[in-house]
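Colleague: predicted coordinates and the sequence they were generated for:
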Amino acid sequence: MQAAPPEAERAAAARLSTTEDLFLLQGPRARWRELGTLMRVGRDFMRGFRALHFVGPCVTIFGSARLPEGHPTYEAAREMGAAVARLGFTVMTGGGPGVMEAANRGAREAGGISVGCNIELPFEQNPNPHLDRWVTCRYFFVRKVLLFKYSYAFVVLPGGLGTLDELTEALTLIQTQKIKQFPVVLMDTDYWEPFVEMLRTMVQARTISAGDLDLMLVTDSIDEALAHIERHAIKRFGLTTAARPSAGRWLGERALRGARAVKIKAD
């Protein structure tokens, strides 16, 4: 019998993990199954922490996986990735195609560092080819922790439900002070106007505060976005240029290319 190709094996594994995840979200199970889940979650976190330990402060760029090269949003993401890299940040994305690929591509083309947090899906989302380093997560919630853990700013381009989930997660974490008030930039005012109008409705209904509207900048200008990130990330948090930490080979760690990057100024 001929062995299944690696792509087919990965797709089958992704379908299997998705089926198991459905059981995870259906209430209590046998204790040994719950223990197995905890171990898989821990493994996901461990792999992510090890892979991304040396990436340096990041700007995470969110957006649709469905927009191809040549689409205006793809090209805007490519330009944004290059601009963020020139500021000295590592560009982080969800690691997949579309806007994610464009941002990683732009970072690479500008000589910056490009990383991704990919996700196992039944229809197989492969890491895009413009990544210096990536990790593939089994669980969406682990992936989101990694995307937020290493980032000092978030840039959100047009996207679908996943992008909206990531955007509202960022705003909620800032609003509830679970993370610091990192800058959140929404690119494409026309696309995001219905979302902003919904937030205004929430203010009128007193379900959020008027000040919550100030947690984000909505713009069409990459220059304005960069100035906002520089003012509210680099200057506010005292980021400076310094040598990257060295990897411990005895721990099986691998250093990233590039000797210098922005870093957090010591307290």
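Modeller: Structure received.
Colleague: quick one, what contacts residue 146?
Modeller: Residue 146 makes contact with 48, 52, 117, 135, 137, according to Cβ atoms under 8 Å, 6 or more residues apart in numbering. In this view, the C-beta of every residue, glycine as well, is placed from N, C-alpha and C.
Colleague: what sits up against the helix or strand harbouring the fourth one?
Modeller: The reference is to residue 135. For residue 135, the element it lies in under DSSP states H and E is strand 133-137. Identification of contacts with strand 133-137 by Cβ under 8 Å, 6+ apart yields 44, 47-48, 51-52, 55, 95, 115-120, 127, 143, 146, 254, 256.
Colleague: tell me the SS of residue 61?
Modeller: Counting by DSSP: H, G, I helix; E, B strand; the rest coil, the backbone at residue 61 sits in strand.
Colleague: from residue 30, how far off is the residue nearest to it when sequence neighbours are not counted?
Modeller: Spatial nearest neighbour of residue 61, chain neighbours left out: residue 103 (4.0 Å); criterion: Cβ to Cβ, 6 or more residues apart in numbering. Per Cβ to Cβ, to the nearest Å, residue 103 is found 43 Å from residue 30.
Colleague: circling back: quick one: the host helix or strand of the residue nearest to residue 61 to strand 133-137, angle?
Modeller: With secondary structure defined by DSSP H and E, residue 103 is part of helix 99-109. Counting by axes from the mean of the first three to the mean of the last three Cα atoms, to 10 degrees, helix 99-109 lies at 160 degrees to strand 133-137.
Colleague: helices or strands up against helix 99-109?
Modeller: Helices and strands touching helix 99-109, by 3 or more Cβ pairs under 8 Å, 6 or more residues apart in numbering; DSSP states H and E, are strand 58-62, helix 72-86, strand 90-93, strand 114-119.
Colleague: quick check: which of the ones you listed is buried the most?
Modeller: strand 90-93 (a mean of 32; mean count of other Cβ atoms under 10 Å).
Colleague: before we move on, back to that, residue 103 and residue 30: which is more packed in?
Modeller: Higher neighbour count among residue 103 and residue 30: residue 103, with 35 against 8, using other Cβ atoms under 10 Å.
Colleague: ok, that one - contacts?
Modeller: So residue 103 contacts 61, 63, 77-78, 80-81, 84, 91, 93, 114, 155 (Cβ under 8 Å, 6+ apart).
Colleague: put together CSV for those residues, with pLDDT and distance to residue 39 on each row.
Modeller: Shown next, in CSV, are those (pLDDT from 0 to 100; distance: Cβ to Cβ, whole Å):
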residue, pLDDT, distance to residue 39
61, 98, 32
63, 98, 33
77, 98, 36
78, 98, 39
80, 98, 38
81, 98, 35
84, 97, 36
91, 97, 32
93, 98, 28
114, 96, 31
155, 98, 35
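Colleague: contacts for the longest helix anywhere in the chain?
Modeller: Criterion DSSP state H: the longest helix present in the chain is helix 31-52. With Cβ under 8 Å, 6+ apart as the test, helix 31-52 has contacts from 23-24, 28, 115, 117, 133-135, 137-139, 142-143, 145-146, 149-150, 252-253.
Colleague: can I get the buried part of those as one ChimeraX selection?
Modeller: The ChimeraX selection below is limited to those of those classed as buried (16 or more other Cβ atoms under 10 Å):
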select :115,117,133,134,135,137,138,139,142,143,145,146,149,150
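Colleague: what is the least confident helix or strand in the protein?
Modeller: Lowest by mean pLDDT, DSSP states H and E among the helices and strands of the chain is strand 260-264, with a mean of 53.
Colleague: what segments of the stretch 151-267 of the chain are strands?
Modeller: For the stretch 151-267 of the chain, applying DSSP state E, counting those that start in this stretch gives strands covering 151-156, 184-187, 216-219, 239-243, 260-264.
Colleague: give the rounded mean pLDDT of the fourth one.
Modeller: The predicted model gives strand 239-243 an average pLDDT of 73.
Colleague: same check on the second one?
Modeller: On average, the pLDDT along strand 184-187 is 98.
Colleague: pull the number of nearby residues for residue 57.
Modeller: Neighbourhood size, residue 57 [other Cβ under 10 Å]: 20.
Colleague: thought residue 241 was touching it, still the case?
Modeller: No - counting by Cβ atoms under 8 Å, residue 57 sits too far from residue 241 to count as a contact (11.0 Å).
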